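**Student:** From the sequence below, what's the structure:
(one chain, ligands or ions: 2)
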Amino acid sequence: MSPQAARKAEPASRPMVQVHRVSKIYPGGVEALSGISVDFPEGQLTSLLGPSGCGKTTLLKIIAGLIPATSGLVEVDGKTVTGPGPERAFVFQDFALMPWATVMRNVAFGLELKGVAQSEREAVAEKYIASVGLKGFERAFPHELSGGMRQRVGLARALCVNAKVLLMDEPFSAVDEQTRRKFQEDLLELIAREHKTFLFVTHSIEEAVYVSDRIVTLSRRPSQVSSIVEPQIARGRDPDQIRRDSAYLDTVETIWQSLKRYLD
Ligand SMILES: Nc1ncnc2c1ncn2[C@@H]1O[C@H](COP(=O)(O)OP(=O)(O)OP(=O)(O)O)[C@@H](O)[C@H]1O
Ligand SMILES: [Mg+2]
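**Tutor:** Ligands and ions are numbered 1, 2, ... in the order given. Here you go, the predicted structure:
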């Protein structure tokens, strides 16, 4: 496997996404989030970890402007979120692809909504389809792809709209371990290449520690921020070497200790 992509040393980043005292009670009465306040720094990847059902997807959807908070507010690049916007792109847990449309149309869809001409949007989409390793599948339909390939389509679609903030909800959940590790390297390369702010939900502590600048752990529902950890891992080395590194292993252990209290 190629050396892990080195990330440029960032000066102290300003917050790109700010969540202020956000609570969410769903209409049926389920209280998902309870007064969450957290910042997501520009140009960094922040992971959200927490027990199943604690409200990770809910928080991402509120930041995306897809659902409203019951109270509190979210600012993106200093502006209060009132609905979806082109500076934020969502990679869904369940792909959310249009089954009747080709890979090309799915990937270019955000640009189609913006009114970009067909030839131009297909040129951009082609570039991102290739960058996620799907060259040759432009004319395929979602049902002709594996779960992992569908997730790559979702990722290419999000990259295509050139958003500043990428909201990724378990983007690697449907793939085997080898593919997952390949995706992690791809993601690290992407972060090193493109100055974007990533919010990344995962169930894997190891994955979070491997790819993140910051890790926010959430408590059980109604969830609150439980801890914030910044892994101090020297990147740009062989992936296996990193996974044996004591800083990596210690961070995995610290986060496990903070999450295991939420086991049933
Ligand atoms: N549309 C909805 N209406 C009512 N309740 C909802 C809705 N969506 C989510 N919930 C509830 O809110 C809580 C948080 O759900 P959410 O999907 O945000 O959790 P999650 O942390 O993403 O879980 P997972 O790790 O399993 O993906 C759950 O109890 C869920 O049942
Ligand atoms: Mg979820």
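**Student:** Which positions are bridged to the residue nearest the centre of the chain in the beta structure?
**Tutor:** For the chain, the residue sitting closest to the mean C-alpha position, by C-alpha atoms, centre = their mean, is residue 168 at 2.4 Å. The residues listed as beta-bridge partners of residue 168 by DSSP bridges are residue 91, residue 200.
**Student:** if I read this right, it contacts residue 91, doesn't it?
**Tutor:** Yes. Residue 168 sits in contact with residue 91 when judged by C-beta atoms under 8 Å, with a separation of 4.4 Å. Every residue, glycine included, has its C-beta placed from N, CA and C.
**Student:** which residues are common contacts for these two?
**Tutor:** Shared between the contact lists of residue 168 and residue 91 (criterion: C-beta atoms under 8 Å, 6 or more residues apart in numbering) are residues 155, 158.
**Student:** Can you classify residue 21 as helix, strand or coil?
**Tutor:** Applying DSSP: H, G, I helix; E, B strand; the rest coil to residue 21 yields a three-state assignment of strand.
**Student:** Could you list which residues are in contact with it?
**Tutor:** Applying C-beta under 8 Å, 6+ apart, one finds that residue 21 lies in contact with 35, 36, 37, 71, 72, 73.
**Student:** Which single one of these is nearest to residue 187?
**Tutor:** Of all the contacts of residue 21, the one with the least separation from residue 187 (C-beta to C-beta) is residue 36, at 24.6 Å.
**Student:** neighbours around the residue of the stretch 151-264 of the chain found nearest ligand 1, how many?
**Tutor:** Nearest to ligand 1, among the residues of the stretch 151-264 of the chain, is residue 221, at 5.5 Å (C-beta to the nearest ligand atom). Using other C-beta atoms under 10 Å, residue 221 has 19 other residues around it.
**Student:** ok, now residue 187?
**Tutor:** Using other C-beta under 10 Å as the criterion, residue 187 is surrounded by 22 other residues.
**Student:** ok but it is inside a helix, no?
**Tutor:** Yes. Judged by three-state DSSP, residue 187 forms part of a helix.
**Student:** Setting aside sequence neighbours, what's the nearest residue to it?
**Tutor:** residue 211 (5.8 Å; C-beta to C-beta, 6 or more residues apart in numbering).
**Student:** what does residue 107 give?
**Tutor:** Nearest to residue 107 is residue 125, by C-beta to C-beta, 6+ apart, at 4.2 Å.
**Student:** And residue 148, by the same measure?
**Tutor:** The shortest distance from residue 148 to any residue that is not its chain neighbour, by C-beta to C-beta, 6+ apart, is 3.7 Å, and that residue is residue 175.
**Student:** Does the one you found belong to a helix, a strand or coil?
**Tutor:** The assignment at residue 175 comes out as coil when based on three-state DSSP.
**Student:** give me the number of residues near residue 19?
**Tutor:** Residue 19 has 23 neighbours, counted by other C-beta under 10 Å.
**Student:** do residue 81 as well
**Tutor:** By the criterion of other C-beta under 10 Å, residue 81 has 20 neighbours.
**Student:** what does residue 71 give?
**Tutor:** Look at residue 71: counted by other C-beta under 10 Å, it has 13 neighbours.
**Student:** List the residues that contact the residue of the stretch 151-264 of the chain closest to ligand 1.
**Tutor:** 30, 31, 32, 51, 53, 54, 55.
**Student:** contacting residues for the second one?
**Tutor:** The neighbourhood of residue 31, defined by C-beta under 8 Å, 6+ apart, consists of 23, 24, 25, 221, 222.
**Student:** For the fourth one, which non-adjacent residue is spatially closest?
**Tutor:** It refers to residue 221. For residue 221, ignoring the flanking residues on the chain, the nearest one in space by C-beta to C-beta, 6+ apart is residue 54 at 5.0 Å.
**Student:** which residues touch that neighbour?
**Tutor:** Residues in contact with residue 54, defined by C-beta under 8 Å, 6+ apart, are 32, 218, 219, 220, 221, 223, 262.
**Student:** hmm, back to that, for residue 154, see how far away the residue nearest to residue 107 is.
**Tutor:** Taking C-beta to C-beta, to the nearest Å as the measure, residue 125 falls 13 Å from residue 154.
**Student:** Could you do residue 38 as well?
**Tutor:** For residue 38, the distance to residue 154 equals 24 Å [C-beta to C-beta].
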